[in-house]
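Chemist: Show me the folded form of this:
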Amino acid sequence: MGNPPRDNGLKAPPPLTDNRICVLMNAASGKDDKSEQAERMQVAFDRYPGRFELRMLDRGQGLADACRRAMKDGFGTIVAAGGDGTIAGVAGQLAHSERRMGIIALGTFNFVARGLGIPEDVEEAIDLIATGEAKAMPVGEVNGQIFLNNASLGIYPQVLREREGTYKRWGRSRIAAHWSVLVTFLSFRSPVRMAVRMQDRELRTKTPLAFVGRSAYQLEHFGLAGADCVRRGEFALYLAPDCTRMELLLRALRLAGKGMVPERDFELICGKEIEIATSKPMQTVAMDGERMRLRSPFRFVMHEKALNVIMPADARAT
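Modeler: Predicted coordinates for the structure are as follows:
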């Protein structure tokens, strides 16, 4: 498989004892008024005097820098207040560290919070962060970048690019997100040639989408087989067959209706380490709703117990 990926035995050390909490709020997440949400947060913070500090991030402000600054300031818990992209960005800084991570879900879909049983109500989420315990959970990595829900090559990064433009014109909503899918699928014309390597198996294919799932909740939400792979500590890799635009759109409609069928609509491969080499050296990779240009080959590694996340006592860390 070429150069060996990072050791997937890396684990986060025990959390710091410092009980101060820094909340990093992404002002661009979701569609609600952020000043109103900040006021609601502050009312909830007041129930825990001296523990919470809110730091607002304006559009274009570096999330990674803000997170590193909070770590340098000694906060034992750092909270991502935003959508799944914001949460994954904070997770990328806190993975393999002694910090606890809290989540206040302010995004459009909130798959990470929903998958962990974290309340989407702001006040309830803050109470959980202040009083709950952290559990170690796994994260996915591709070429040094951390993701929590999924990562993909092909058409989905183009969907995100179209979605960003739709959001700017019409605002953030699930309808706008679904509309961007329709527009992209009707204009898509660039399947990706790739070689997929996993353990002793190699597969060469031409596909409009390679989708690597790490969230059992998200896969079950869309009625996809593969959640059991994630619960075993593996990735679920979905490869769509090369097809026409209309066939691709029909598969998208089946996905929306939870009617996708293995072998007919996709090939499912499970494994802890996956390498995908593409014919073009640089590709746009979508990770948890964000896009990034990365260089081939793309090495996917699962890190178990890498992130200390505050979640309900009965939540499953997968």
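
Chemist: where's residue 273 relative to residue 288, distance?
Modeler: Using C-beta to C-beta, to the nearest Å, one gets 20 Å for the distance from residue 273 to residue 288. C-beta here means a position set from N, CA and C on the backbone, and glycine is covered the same way.

Chemist: more crowded one of those two?
Modeler: residue 288 (27 against 18; other C-beta atoms under 10 Å).

Chemist: Pretty sure residue 25 sits against residue 57.
Modeler: Yes. Between residue 25 and residue 57 there is a contact under C-beta atoms under 8 Å: 6.4 Å.

Chemist: buried ones in stretch 152-171?
Modeler: 152-160, 162-163, 166-167 (16 or more other C-beta atoms under 10 Å).

Chemist: List just the nearest of those to residue 21.
Modeler: Here the nearest of these to residue 21, counting by C-beta to C-beta, is residue 167; it sits at 29.7 Å.

Chemist: okay, that closest one: pLDDT?
Modeler: We have a pLDDT of 69 for residue 167.

Chemist: Kindly report the same for the one 5 residues further on.
Modeler: Residue 172 is assigned a pLDDT of 69 by the prediction.

Chemist: what's the longest strand along the chain packed up against?
Modeler: Longest strand of the chain, by residue count under DSSP state E: strand 298-310. Under the contact definition 3 or more C-beta pairs under 8 Å, 6 or more residues apart in numbering; DSSP states H and E, strand 298-310 sits against helix 84-94, strand 100-105, strand 134-142, strand 273-278.

Chemist: Give me whichever of those is most buried.
Modeler: Mean neighbours per residue, mean count of other C-beta atoms under 10 Å, is largest over the helices and strands packed on strand 298-310 for strand 100-105, with a mean of 27.

Chemist: quick one: that one to chain centroid distance?
Modeler: In terms of C-alpha atoms, centre = their mean, to the nearest Å, the centre of strand 100-105 is set 13 Å apart from its chain centre.

Chemist: Can you name the next helix or strand after it?
Modeler: helix 111-116 (DSSP states H and E).

Chemist: Now for residue 305: which residues touch it?
Modeler: 11-12, 136-138 (C-beta atoms under 8 Å, 6 or more residues apart in numbering).

Chemist: cutoff 7 Å now
Modeler: Neighbour list for residue 305: 11-12, 136, 138 [criterion: C-beta atoms under 7 Å, 6 or more residues apart in numbering].

Chemist: Secondary structure element for residue 218, which one?
Modeler: Short version, using DSSP H and E: residue 218 is in helix 216-221.

Chemist: swap in residue 316?
Modeler: Using DSSP H and E, no helix or strand contains residue 316.

Chemist: Let me know the distance separating it from residue 218.
Modeler: Distance, residue 316 to residue 218, using C-beta to C-beta: 14 Å.

Chemist: Counting neighbours, go ahead and name the busier of these two.
Modeler: residue 218 (22 against 14).

Chemist: For that one, give me its contacts.
Modeler: Residue 218 touches 111, 115, 149-150, counting by C-beta under 7 Å, 6+ apart.

Chemist: Which of the buried residues of stretch 152-171 sits closest to residue 124?
Modeler: Nearest to residue 124 among these, with distances taken as C-beta to C-beta, is residue 167, at 27.0 Å.

Chemist: and residue 246, how many neighbours?
Modeler: When neighbours are counted by other C-beta under 10 Å, residue 246 comes out with 10.

Chemist: Cool, thanks, talk later.
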